[in-house]
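Asks: got a predicted structure plus its sequence, pasted below:
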Amino acid sequence: MGLMKNMFSFLPWAVDKTSDRFFVAVFTMLGKMAAADGRISEEEEELIGRFIGEYLVMTKQEEARAIKIFREAYNDGSDFSTTAKTFYSTFKRHPIMQDMIFDMLLQLSIADGEISPEEDILLRIAARQFNFDKNRYDHLRSLHLAGGTKVVEQTYYHRLECSPESSNEEIIKQYRHLTTLYDLDAVLEAGIPEIFINVAGKKLDDIEEAFSFIKLYRGIEDQDVATQGH
């Protein structure tokens, strides 16, 4: 859960219309994901409790509201696809938001050790509504379910959306892509609300940390980084 803590400890909950839509959409999608296979497991309950109690900066009133939305989502009459589409339409200029929420959905879906067919359907719906590349979901899913890689190493590859099988050239290219995407100037130019700037900054720090680890682990030279990945 270290990666989750890093990603969400700065998540802001400002009381405005945009943040309220974000709040409702997130816990509605999480609730529907948890109950997709007909029940909410103890592992899923524990995970959502950690999301709310440890990793999200929320007041007691917001925590109670989040739990209420989460528990009532399965029978609230709303459609998962519509909720995901609404979330994307609100935050389509902010890919960092889509990445974080999709990661939350993935973590929740594998909390009990496997992704059920019903959960897989919802994850694919979210990937489609978030306008992910058709192969991206399968790639992210495989990273979360990878069993043979050490946890720390797997976490760093996950941050770069790569795998231990990726070539040095692919890793450098992905590193350049992500650092460009989350560069502060690019974030400001994209118009991300000020309350989300720290989230983008923390994401960039995580990317840099991951690349530094992988570069050292693989023996990638600075000269290789300077000449590759363009």
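Replies: Nice, thanks for sending it over.
Asks: which elements pack onto the helix or strand harbouring L30?
Replies: Using DSSP states H and E, the element containing L30 is helix 17-34. Packing contacts for helix 17-34, counted by 3 or more CB pairs under 8 Å, 6 or more residues apart in numbering; DSSP states H and E, involve helix 42-50, helix 60-72, helix 80-91, helix 95-109, helix 117-129. All C-beta spots, glycine's among them, are computed from the backbone N, C-alpha and C.
Asks: for these, state which one has the densest average packing.
Replies: Sort the helices and strands packed on helix 17-34 by mean neighbour count, taking mean count of other CB atoms under 10 Å, and helix 95-109 sits at the top with a mean of 21.
Asks: average pLDDT across that helix?
Replies: Helix 95-109 carries an average pLDDT of 83.
Asks: measure G53 to V24 for me?
Replies: For G53, the distance to V24 equals 19 Å [CB to CB, to the nearest Å].
Asks: if I look at F132, how far off is F80?
Replies: 16 Å.
Asks: what does C162 give?
Replies: Taking CB to CB, one finds C162 at 29 Å from F80.
Asks: could you list the low-confidence segments of the chain?
Replies: Low-confidence segments of the chain (pLDDT under 70): 1-19, 54-57, 143, 146-152, 190-199, 228-230.
Asks: can you list the domains in it?
Replies: 1-132, 146-230 (automatic domain parsing).
Asks: so what's T86 closest to, chain neighbours aside?
Replies: A25 (6.2 Å; CB to CB, 6 or more residues apart in numbering).
Asks: quick check, that neighbour in contact with K85.
Replies: No - counting by CB atoms under 8 Å, A25 sits too far from K85 to count as a contact (9.8 Å).
Asks: distance of the residue nearest to T86 from H144?
Replies: Taking CB to CB, one finds A25 at 22 Å from H144.
Asks: neighbour count winner among these two?
Replies: The neighbour comparison of A25 against H144 (other CB atoms under 10 Å) goes to A25, with 21 against 14.
Asks: for L105, see how far away that one is.
Replies: 12 Å.
Asks: and R65, by the same measure?
Replies: Following CB to CB, the distance that separates R65 from L105 is 20 Å.
Asks: quick one, what contacts D183?
Replies: L204 (CB atoms under 8 Å, 6 or more residues apart in numbering).
Asks: buried sites along the longest helix anywhere in the chain?
Replies: Counting by DSSP state H, the longest helix found in the chain is helix 197-218. Neighbour counts over helix 197-218 (16 or more other CB atoms under 10 Å) mark 199-200, 202-204, 206-207, 210-211, 213-215 as buried.
Asks: one step back: how far does the helix holding L30 sit from its chain's centre?
Replies: Relative to the centre of its chain, helix 17-34 is centred 14 Å away, using CA atoms, centre = their mean, to the nearest Å.
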